[in-house]
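>>> Take this sequence and fold it.
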Amino acid sequence: MTVFVNRTLNLKKIKAIGFDMDYTLVRYNTENFERLVHQTVVDKLVQNKKYPEVLRKQVFDIKRAIQGLVIDKRTGNILKLSRYGKVKSAYHGTQILDFKKQQEIYAGKAIDLSDSHIKSLDTSFSLTHGVLYAQLVDLKNQGLLGTEKDYDTIAEDLKEAIDMAHSDGSVKDEVFKNSKPYIIQDPSIPQTLERLKKHDKKLLLITNSDYPYCRHLMDYAFNPFLKEHKHWKELFELVIVRAAKPNFFISRADFLKIDPDSGMMSNYSGPTTTGLFQGGCAERLEKDFKLDGEEFLYLGDHIFGDVLTLKKHSNWRTGLIVEPLIGDLQAFVQTRDIQKQINQDMETKEKLEKEINDFYDVRIETGKGFDKSKVDQLFQQIEKVDEKISANINEYTKKLNPYWGELMRAGSEESFFMGQVEKYACIYMSKISDLNDYSPRTYFRPRKRVLAHEQ
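The predicted structure is shown next:
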């Protein structure tokens, strides 16, 4: 696979590389894991929030949500936005909103993500949130949730239940007991890190997960596949758990030192260049490693927690892991001929439209009439071209998510998610091992963008 480049990045100048763990160093079987989360959260809603038992009959469909969507808690709508924040497609619960209805509600206005009624679905961990919110909206519309549960209340109840499921051990305990259905063992990732270490890169593990969970997942995903090290900890100069990202990149929190055997923590004021810690801050790492921020590269899967906040508040370089990109890239390759035909037909349509416009321009500007039968023939030709385009678009979309289409596009424009990726991630890729196709001395350079007037 490929590393995609938004800004120049010279790996020779990168001295330290930090990694998130979940969905970065450790890959998840997303569908299995999110189905577990869905079931667990449903239990929480029924038991703790007194939602009706009928909620347990809801079937998890992972395709109902993708990264980068937003929830409008006022209306019960789930939205896909263009890079400019305009609504390009929307569902009310699981029911699609047509263009006319979208316009009635949003009137072409840009959605403000800082609005307290807007909830972003930023990562693969957000998929259950999107799926279950749509299902709860459906149940409300069917009169099964009572009058006291408005769309905003449903959203808040859901958030609390999801936080509870992840924090009280309900989900993690199941992964501890049986990791195989939920965690993908990918030998190429440990081998990628071994190669980077061989090139004298200082490797740092910086995760929001707690130490027991981090240790278990890394033992499972890394230790069986190491060729030059006995244990995953040997790869890292520093392991930081419960880092509290994104605050890790903007705060000045102290580090707590963790005893790797007992897990006990103690206050610590010494250098943080080696060892196992909890909390802390990025500024301290720069000082202790005696490196400038631009000599650090951080790789994670969360556009807000791992990339956007970091880029706004420090000069660390950034890389985003977008595993769902794998499916979109496969679809792009499989449908290349279809896309080419769509483009050709669009050019034909534009020429026909120009011919029609020319007829009307002459009449308006000179007062001379025109042969209406010729214009009718042109309209008929456009109708036939539209039928071809529509058929090919249907073939193309069969390869994509049936509800939301491409992750990185919203119609013909870039999606809001892609806009954030382009703005804040120096590089992006589908998985960490994509780096292994490049020398650790690579100078990544973006391709020159073709501007509208250059096409």
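>>> Low-confidence stretches in the protein?
Low-confidence segments of the chain (pLDDT under 70): none present.
>>> how is it carved up into domains?
Domain assignment for the chain by automatic domain parsing gives 4-28+182-323, 31-177, 336-398.
>>> Go through those domains and name the closest to Glu413.
domain 31-177 (4.4 Å; C-beta to C-beta). Quick note: C-beta positions are derived from backbone N, CA and C, even for glycine.
>>> Need the distance between the two termini of that closest one.
End-to-end distance for domain 31-177, by C-alpha to C-alpha, to the nearest Å: 18 Å.
>>> Can you tell me the SS state at Gly319?
Secondary structure for Gly319, judged by DSSP: H, G, I helix; E, B strand; the rest coil, is strand.
>>> Count the residues that sit near the closest residue to it other than its chain neighbours.
Sequence neighbours aside, Leu299 is the residue nearest to Gly319 in space, at 4.2 Å (criterion: C-beta to C-beta, 6 or more residues apart in numbering). Residues contacting Leu299 under the criterion other C-beta atoms under 10 Å number 24.
>>> just to revisit the earlier point, would you convert the domains of the chain into JSON lines that also reports distance to Cys426?
What follows is those, written out as JSON lines (distance: least, C-beta to C-beta, whole Å):
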{"stretch": "domain 4-28+182-323", "distance to Cys426": "5"}
{"stretch": "domain 31-177", "distance to Cys426": "18"}
{"stretch": "domain 336-398", "distance to Cys426": "28"}
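>>> wait, which of those domains is closest to Lys431?
domain 4-28+182-323 (5.9 Å).
>>> rewinding a little: among the domains of the chain, which is nearest Arg445?
domain 4-28+182-323 (5.3 Å).
>>> roughly how far is that closest one from the heart of the chain?
19 Å (C-alpha atoms, centre = their mean, to the nearest Å).
>>> Strands of the stretch 351-455 of the chain, start to end?
409-410, 413-414, 427-429, 443-444 (DSSP state E, counting those that start in this stretch).
>>> Throw these into JSON lines and include distance to Tyr403 and mean neighbour count, thanks.
Formatted as JSON lines, the strands of the stretch 351-455 of the chain follow (distance: least, C-beta to C-beta, whole Å; neighbours: other C-beta atoms under 10 Å):
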{"stretch": "strand 409-410", "distance to Tyr403": "13", "mean neighbour count": "22"}
{"stretch": "strand 413-414", "distance to Tyr403": "18", "mean neighbour count": "16"}
{"stretch": "strand 427-429", "distance to Tyr403": "23", "mean neighbour count": "23"}
{"stretch": "strand 443-444", "distance to Tyr403": "34", "mean neighbour count": "16"}
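>>> want to try CSV for those, with distance to Asp328 as columns?
Listed next are the strands of the stretch 351-455 of the chain as CSV, based on distance: least, C-beta to C-beta, whole Å:
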stretch, distance to Asp328
strand 409-410, 9
strand 413-414, 13
strand 427-429, 12
strand 443-444, 21
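>>> For Asn247, list the residues it contacts.
Ala253 (C-beta atoms under 8 Å, 6 or more residues apart in numbering).
>>> related to what we said a few turns ago, isn't the residue nearest to Gly319 right up against Asp434?
No: applying C-beta atoms under 8 Å as the test, Leu299 and Asp434 come out as separate, 10.6 Å apart.
>>> Taking strand 317-321 as reference, get the angle to the helix or strand where the residue nearest to Gly319 lies.
Taking DSSP states H and E as the criterion, Leu299 maps to strand 296-300. Interaxial angle of strand 296-300 relative to strand 317-321 (axes from the mean of the first three to the mean of the last three C-alpha atoms, to 10 degrees): 20 degrees.
>>> Identify the residues contacting strand 296-300?
With C-beta under 8 Å, 6+ apart, strand 296-300 has contacts from 9, 11, 14-20, 24, 206, 245, 282, 285-286, 306-307, 310, 316-321, 426, 432.
>>> Now, those that are in strands?
Secondary structure from DSSP state E places 9, 16-19, 206, 317-321 of those in strands.
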